[in-house]
Structure formats: structure tokens, C-alpha cells
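1. got a predicted structure plus its sequence, pasted below:
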Amino acid sequence: MKHRRITKRRTAIAGAGLAAVVAAALTLSNANASPSAPSPDTLSVSAATKLASAVVSDLGADTAGSYYDAKAKKLVVNVLDEAAADAVREQGAEAKIVRNTLAQLTSARETLADKATIPGTSWSIDPRTNKVVVTADRTVKGAALGRLNKVVDSLGGKAVVERTAGEFKPFIAGGDAIHSSGARCSLGFNVKVGDGAGFLTAGHCGDEGSTWSESAGGSAMGTMEKSSFPGDDFALVKYTGDVEHPSAVNLYNGSTQAIAKAGEATIGQKVQRSGSTTQVHDGEVTGLNETVNYAQGTVEGLIKTTVCAEPGDSGGALFAGDTALGLTSGGSGNCTSGGTTFFQPVPEALEAVGAEIG
């Protein structure tokens, strides 16, 4: 069996709920800085994430989220007053004074979960807008849309509704491909499990005890030992026999990308996805800790991206270089017109099943 293929990585949340976000197209002026204020440092994504964690540790509730401006290569930290802004600038980041605290935005998410858990919707805190961005697909209409808008309006400017074409649904088909009882998904990442080997895929692809093969009707290569969906969306398939498979992603051009580790995703980060239906596509991380309400149930903590996907790509790898970030869960659209795709973070899945990349 060839190595496979799919690599995913978890969305990075710096400090106590502080999201480090890459906004590649966003150029922010240092409107709040006095003429004598220090200029923000030029930083890499990883350096900005570490700085964000340090700033949150120092300022705590005086911060209200952060993100990485990829074009300017600067960390932007949301704060509530000028005193906190000065402290942020002294540490080498850009300060932006905002209205809503993280506690207020977290409370808004809780209200949405309590009053607007409607199939076809998703939401996460967006530090760029200092609001909870609620996304509704084309199936949300009529009374359901009216209910959603009423709840969002009641939040007093702490949330906003956006529409997306298509329908939020798991990308399963009847992804390098794996097959079981007429279903087709994609292999995510090969892993080590105790003294054996296995691979990660999406939880909605199958149930515990199901057998999987490389071709429809082919001999079994492994058995699904754990599956979690909804709530989460990951599964572990243990290979049959004493086998080893390298952690590598199929690039569908005759080569592979070796995977050395798992990591957290960052908003604005450039990423790639590999799946058996549409092969390799790229895009950008646009949200972290996303709550997605599929018709089959709610899944929390997902990575939101602009990468396209289609049925059969479920379980496939989301990766950045040699880092596994996520497993393809679902979304809307296709690879002709584009769309939104959600991913289960890999670090969480590895911890839950007791596995490691290797």
C-alpha cells in the first residue's frame, strides 16, 4: 500500500482564548499610536503567536483578541483602552482599541448555541471585526432565518450574519481513497498507535468496527477502532497486521509531502488540502474554534477555510508544509465555483485516540 496522504492541523489559539489570526489582505494603520509610540516589530507567524501569548499573559482581560497581518508581518492586538494600547506597543505589537471584550463575545456565542442552533449555520469569534461572525448557508430561510436574525439582533452589535452559497454537509461519498460498505472517504494521516500503526480520517465516514479497504470490495486493510461524530469529527483505523506506512500526503503529481508533526492552525495561514475526489487544492484559514451545525448534528472546534472540497474528500489532509493541521469534515460549494470547508484539528484527534504522527 502506498503511503497516504491527508494532513490536518489545529487552529492556534494564543493564551486564554486569544486567537492569533493571519489577515493576508488587511493593512491596518497605527491610528491609535502617538507620534512617539514604538513601531511594531516585523514578525513571522510563529513569532507573532508567541508574542500574542506573552501579551495576553501580561495584560489578561485588557486584551480582546489578536491576529497576524501577513502583508505587514505584524501582530495586531485588540485592547480596550489607551493604557493597554501603550503596553502592547512597548512589547512590539500594533494596538487596536475595540468595543467588545472577549467575555462579551464568548457570551454571544453561548446565546447563539442556546437560541440559534439551526442546521446550516456556523459561528466563531473574528478578532479582525471584534464580532462573532455567523454564517448561514442557502438552506437557512423563512422562519429559521427570521429566528437567526432575531437572535443576532438581540446581541447588540456583537455578532453579524453572513450568507454562503451551497449547503453545509459532510463531504462523504457512496477521498487517496478508502472504502467501506459502499462509502468512500479519504485517508488523512498515517499515525503510530502503541506498538501498531493506523490512520486518521473523518468520524462521519463510518462507525466503530467497520472495515476499510483501498478499493471498493477489496480486501480489508484495517478496522475502525474509534469514531467520534457529531461533537467532533475524527476516526482512527488500525491497520491489519504488522505494517508501517510513512506519514506523507499524496500531492497527486507523482510526489508526496512528508509530514513530521501536528500543529495548530492560525487565521490567515496559507494551507493545502489533499483528497481522493478533487486531489490537491489550497486556500487560507479564515476561522478557528468554529461551531458548525450540520443536519446530522453540531460539531465544535473546527478550522474554517477557503479551500474547496467535494464529496469523497472527507477525512483528507489539511496541511502546511510538513505540519498536519486538520481532517476534512464538510462545508459548502465545490472546486469549480469554490466554497467554505471545515476541518477537524489533528492535535485534538491524536490526543483522543492516543496516537502520534510518525
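-> Cool, the structure landed. All values reported here derive from a predicted model rather than from experimental measurement.
2. pLDDT below threshold where in the stretch 101-250 of the chain?
-> 172-175 (pLDDT under 70).
3. at 50 instead, please
-> Scanning the stretch 101-250 of the chain for pLDDT under 50 picks out 174-175.
4. quick one, helices of it?
-> 102-115, 142-154 (DSSP state H, counting those that start in this stretch).
5. and the longest one, what does it pack onto?
-> Looking back up the chat, that one is helix 102-115. Secondary-structure packing of helix 102-115 (3 or more C-beta pairs under 8 Å, 6 or more residues apart in numbering; DSSP states H and E): strand 63-69, strand 121-126, strand 131-136, helix 142-154, strand 279-294. Placement of C-beta: from N, CA and C, glycine included.
6. so which of the ones you listed gets nearest residue 232?
-> Of all the helices and strands packed on helix 102-115, it is strand 279-294 that lies closest to residue 232, at 11.3 Å by C-beta to C-beta.
7. and stretch 161-168, how far out from the chain's middle?
-> Computed by C-alpha atoms, centre = their mean, to the nearest Å, the chain-centroid distance of stretch 161-168 equals 17 Å.
8. first-to-last residue distance for that stretch?
-> Using C-alpha to C-alpha, to the nearest Å, one end of stretch 161-168 lies 15 Å from the other.
9. list the buried ones in it?
-> 161, 164, 166, 167, 168 (16 or more other C-beta atoms under 10 Å).
10. the first one against residue 134, yeah?
-> Pointing back at residue 161 there. Yes. If you go by C-beta atoms under 8 Å, residue 161 and residue 134 touch, sitting 4.9 Å apart.
11. so what sits against both of those two?
-> 148, 152 (C-beta atoms under 8 Å, 6 or more residues apart in numbering).
12. break the protein into its domains for me.
-> Using automatic domain parsing, the domain parsing of the chain gives 1-9+103-358, 10-97.
13. need the winner for burial among the ones you listed.
-> Of the domains of the chain, the one with the most neighbours on average (mean count of other C-beta atoms under 10 Å) is domain 1-9+103-358, at a mean of 21.
14. report the next helix or strand after the host helix or strand of residue 87 in sequence order.
-> If you go by DSSP states H and E, residue 87 is part of helix 82-90. Counting by DSSP H and E, the next helix or strand C-terminal to helix 82-90 is strand 94-97.
15. can you list the strands that that next one pairs with?
-> strand 74-79 (parallel) (DSSP bridges).
16. and residue 63, how far is that from residue 132?
-> 17 Å (C-beta to C-beta, to the nearest Å).
17. same deal with residue 103?
-> For residue 103, the distance to residue 132 - C-beta to C-beta - is 13 Å.
18. try residue 201
-> 30 Å.
19. that's a strand at residue 51, yeah?
-> No. Assignment of residue 51 by DSSP: H, G, I helix; E, B strand; the rest coil gives helix, placing it outside any strand.
20. what sits against the nearest residue to it once chain neighbours are set aside?
-> Nearest residue to residue 51, sequence neighbours excluded (C-beta to C-beta, 6 or more residues apart in numbering): residue 75, at 5.4 Å. By C-beta under 8 Å, 6+ apart, the contact set of residue 75 is 20, 40-41, 43, 48, 51-52, 66-69, 92-94.
21. same thing but at 6 Å, please
-> Residues counted as contacts of residue 75 (C-beta atoms under 6 Å, 6 or more residues apart in numbering) are 43, 48, 51, 52, 68, 93.
22. would you turn the helices of the stretch 101-250 of the chain into TSV with distance to residue 273?
-> Shown next, in TSV, are these (distance: least, C-beta to C-beta, whole Å):
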stretch	distance to residue 273
helix 102-115	26
helix 142-154	29
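23. nearest to residue 293, out of these?
-> Residue 293 sits nearest to helix 102-115 of all these, at 9.3 Å, using C-beta to C-beta.
24. next one: that closest one to chain centre, how far?
-> Here helix 102-115 is found 19 Å from its chain centre; the criterion is C-alpha atoms, centre = their mean.
25. over to stretch 290-299?
-> Relative to its chain's centre, stretch 290-299 lies at 14 Å (C-alpha atoms, centre = their mean).
26. what's the first-to-last distance across it?
-> Stretch 290-299 has an end-to-end distance of 8 Å (C-alpha to C-alpha).
27. who's in contact with that stretch?
-> 117-119, 121-124, 168, 230, 233, 300, 302, 304, 342.
28. now the two most distant members of those residues.
-> 118 and 233 (18.8 Å).
29. quickly list what residue 236 is bridged to.
-> Assigned bridge partners for residue 236, using DSSP bridges, are residue 200, residue 226.
30. that one contacts residue 225, correct?
-> Yes. Judged on C-beta atoms under 6 Å, residue 236 makes contact with residue 225 at a distance of 5.3 Å.
31. CA atoms only for the helix holding residue 87 - export them in CSV, please.
-> The C-alpha atoms that make up helix 82-90 are tabulated as CSV, following Å, rounded to 0.1, in the frame of the first residue of the first chain:
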residue,chain,number,x,y,z
GLU,A,82,-5.2,53.6,25.6
ALA,A,83,-3.2,52.4,28.7
ALA,A,84,-3.4,48.8,27.4
ALA,A,85,-2.5,50.0,23.9
ASP,A,86,0.7,51.7,25.1
ALA,A,87,1.7,48.4,26.9
VAL,A,88,1.1,46.4,23.7
ARG,A,89,3.2,48.8,21.6
GLU,A,90,6.0,48.6,24.1
